[in-house]
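[1] quick check, what structure comes out for this input:
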Amino acid sequence: MDFVSMHRDGGLLTITIDRPEGHNSLNRALRLELREAFEAAARDADPATVPAGEGDADQLVRAVLLKGGKKVFCTGQDLKEHLTEMGDESAMDKVDVEYNPMVAALAAIPVPVVAAINGAAAGAGWSLALNCDFRVAARTATFKAAFPSIGLATDCGISYLLPQLVGQAKALQLLFDDLPVPAETAHELGLVTEVVDGDDADAAAEELARKLASGPTGSYREIKALVRDASAMLAIADRESGAQKRLVVTGDHAEAVDAFLNKRAPEFTGR
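    Here you go, the predicted model:
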């Protein structure tokens, strides 16, 4: 894979997003590679598909660590790619055939998933983080919806996950205000598990992931299935897809993309 790496160390599988030239934004290749990585993680975490071994010979994945870069986690949709697709009526089919299958594959991982968040997690990048079970953030990390800023709706189930954590009113405020949420505020709101000093959360996130990988995996697997309602999240993600298709053809969306690429403030008309 070109933009995703996978590394196994005992029962811990580390998946790293590595597209620094695009600020870890989600172009088509990265979306497909993440889906592939998540599907591999789910397969290798299933005792029914992994032969039992002893000690280091046991290849069962017991926890997953999802990492971005040292300066950014994931900034969501690659807007430059999106701009080239806007003239195509089927442009937003990517939500159904790439984004939602990607997040469904992440949600299908039956063992604990920890996200290490450095820098910005925006748009679908924030959605990816919220689809993990635990989020360890550097103090310099920020979270931003980014959807209203480009005249679109939410994606990847964030409109289900965010209210689950902070309530409907606060979720609407965070989404509508569309301002960066600092790591400390995110921690106070219950959006992240832990905030670590400095600009690098990787070590602390890995420590948590290794602790989970050495725990009672069968128990964790059953508890996760009970607590996290993947079917409800995916049902909302499907509704988000319809909203995106309605909004992508609006004047406000075209204005927002042009304004972003030309580094100016958008002028919305509501149409």
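[2] next, count neighbours for the residue nearest to residue 235 when sequence neighbours are not counted.
    With CB to CB, 6 or more residues apart in numbering as the measure, residue 160 is the residue that lies nearest to residue 235, at 7.9 Å, once sequence neighbours are left out. Where C-beta positions appear, they are placed from N, C-alpha and C, glycine not excepted. The tally of other residues near residue 160 (other CB atoms under 10 Å) stands at 21.
[3] in terms of secondary structure, what does the one helix or strand residue 160 maps to contact?
    Assigning secondary structure by DSSP states H and E places residue 160 in helix 158-166. For helix 158-166, the elements it packs on are helix 124-130, helix 168-177, helix 230-247, judged by 3 or more CB pairs under 8 Å, 6 or more residues apart in numbering; DSSP states H and E.
[4] after the first one comes which helix or strand?
    Looking back up the chat, that one is helix 124-130. strand 134-138.
[5] how about the CA coordinates for that following strand, as CSV?
    As requested, C-alpha coordinates have been extracted for strand 134-138 and formatted as CSV (Å, rounded to 0.1, in the frame of the first residue of the first chain):
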residue,chain,number,x,y,z
PHE,A,134,-10.2,5.2,22.7
ARG,A,135,-8.6,8.4,21.6
VAL,A,136,-5.3,9.6,23.0
ALA,A,137,-4.5,13.2,22.0
ALA,A,138,-1.4,15.3,22.1
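[6] what about residue 192, how many residues nearby?
    Burial measure for residue 192: 26 neighbouring residues, criterion other CB under 10 Å.
[7] got it, and residue 178?
    The criterion is other CB under 10 Å. On that basis, residue 178 has 14 neighbouring residues.
[8] now it. Nearest residue, chain neighbours left out?
    Of all residues not flanking residue 178 in the chain, residue 148 sits nearest, at 4.7 Å (CB to CB, 6+ apart).
[9] check residue 35 too.
    Counting by CB to CB, 6+ apart, the nearest residue to residue 35 once its immediate chain neighbours are dropped is residue 102, at 4.2 Å.
[10] residue 33 is in contact with the one you found, correct?
    No: the criterion here is CB atoms under 8 Å, and residue 102 misses it with residue 33 at 9.3 Å.
[11] show me which of those two is the more surrounded one.
    residue 102 (26 against 22).
[12] that one: what's it in contact with?
    Contact partners of residue 102, counting by CB atoms under 8 Å, 6 or more residues apart in numbering, are 31-32, 34-35, 38, 156.
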